[in-house]
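> 3D, please:
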Amino acid sequence: MRILLKLAFILGSFSGFSQTQLTLVIDTIDFIDGFDPPDFRIVVTNQGFANLGQIDSTAKISRIDFPNFQTTVALETDSSNIHIPIDQHNGYLELSNVYNSDTIRINALRLYSNCYRDTMRSRIEYSRVKDNIVSDQCYKVEFKERVKKKKIKRKTPLKTTLIINDQEYVTSIQKTKWLPLISSGNGYKPRMTEKNYENYSGTKFHILSVTEQYINVMTVKIR
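Model prediction:
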């Protein structure tokens with residue numbers, strides 16, 4: 001048992017020594033209307049609780065001051081990547097192979113709109129209600145699909161060029177499937193009110209909706 005504890009202590013010590021500090025600087029950020037600088041937060045992936053990533057909230061960010069963005073983050077492993085926002089809908093620029101870098105400086109970063117339409121698919125179950133008692137079985141099931149349009153303020157190009165640490169990187173912007181948005185709710189038809197609450201008769205419905213989403217992703221491996 002003591003041997004196992006000693007091994008755990010040694011391994012923990014080595015993992016602590018493996019941490020390295022990285023300074024990330026973005027000289028100019030070309031924001032789009034409606035994107036507030038406080039919402040511009042980077043994520044360091046493959047570390048933190050259950051390796052779910054860590055959000056950096058210590059950055060100095062401004063539309064006026066130069067540079068527009070600067071922060072220092074701790075990288076815990078050589079597989080840690082940095083995700084930098086490129087739009088308001090979870091799109092990001094991923095920087096990999098960053099572990100051995102002391103500083104990463106991006107000359108300019110242009111933000112875009114997410115031009116993909118989200119598709120929401122819903123299942124609606126209807127059950128009869130008599131004197132405020134809901135039937136055990138639904139009498140009708142409906143399926144609906146709705147495509148959500150987004151306001152496009154700046155169209156996303158197929159490719160873009162970034163200058164990072166005085167080196168040029170040409171990268172494409174990929175359409176990537178994102179985590180689905182799941183929501184549910186209940187309602188009454190006609191509507192239940194305080195007056196008819198005790199002896200309500202009508203229809204109760206349950207809605208389960210799943211929204212399929214896509215995001216913009218750029219990837220750059222630092223040389």
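> Distance of E142 relative to S80?
Distance of E142 to S80, given as CB to CB, to the nearest Å: 46 Å. All C-beta spots, glycine's among them, are computed from the backbone N, C-alpha and C.
> the more surrounded of the two?
With other CB atoms under 10 Å as the criterion, E142 and S80 differ in neighbour count, and S80 comes out ahead with 24 against 11.
> gap between the more buried one and K153?
Distance, S80 to K153, using CB to CB: 32 Å.
> per-residue confidence for the spatially most central residue of the chain?
The chain has N90 as the residue nearest its centroid, 3.9 Å off, counting by CA atoms, centre = their mean. Reading off the confidence values, N90 has pLDDT 92.
> And M1, by the same measure?
Model confidence at M1, expressed as pLDDT, equals 47.
> Could you do the one 4 residues further on as well?
The per-residue pLDDT reported for L5 equals 42.
> ditto for S13
Taken from the predicted model, the pLDDT recorded for S13 is 44.
> now the one 4 residues further on
On pLDDT, F17 comes in at 45.
> Ok, the one 4 residues further on next?
Q21 is assigned a predicted lDDT (pLDDT) of 93.
> and it, that one's in a helix?
No. Secondary structure of Q21, determined by DSSP: H, G, I helix; E, B strand; the rest coil: strand, with no helix assignment.
> could you list every residue that touches it?
With contact taken as CB atoms under 8 Å, 6 or more residues apart in numbering, Q21 is in contact with 72-75, 102.
> low pLDDT regions in the chain?
Under the criterion of pLDDT under 70, the regions of the chain flagged as low confidence span 1-17.
> What's the biggest strand in it, counting residues?
Among the segments of the chain that qualify as a strand by DSSP state E, the longest is strand 118-130.
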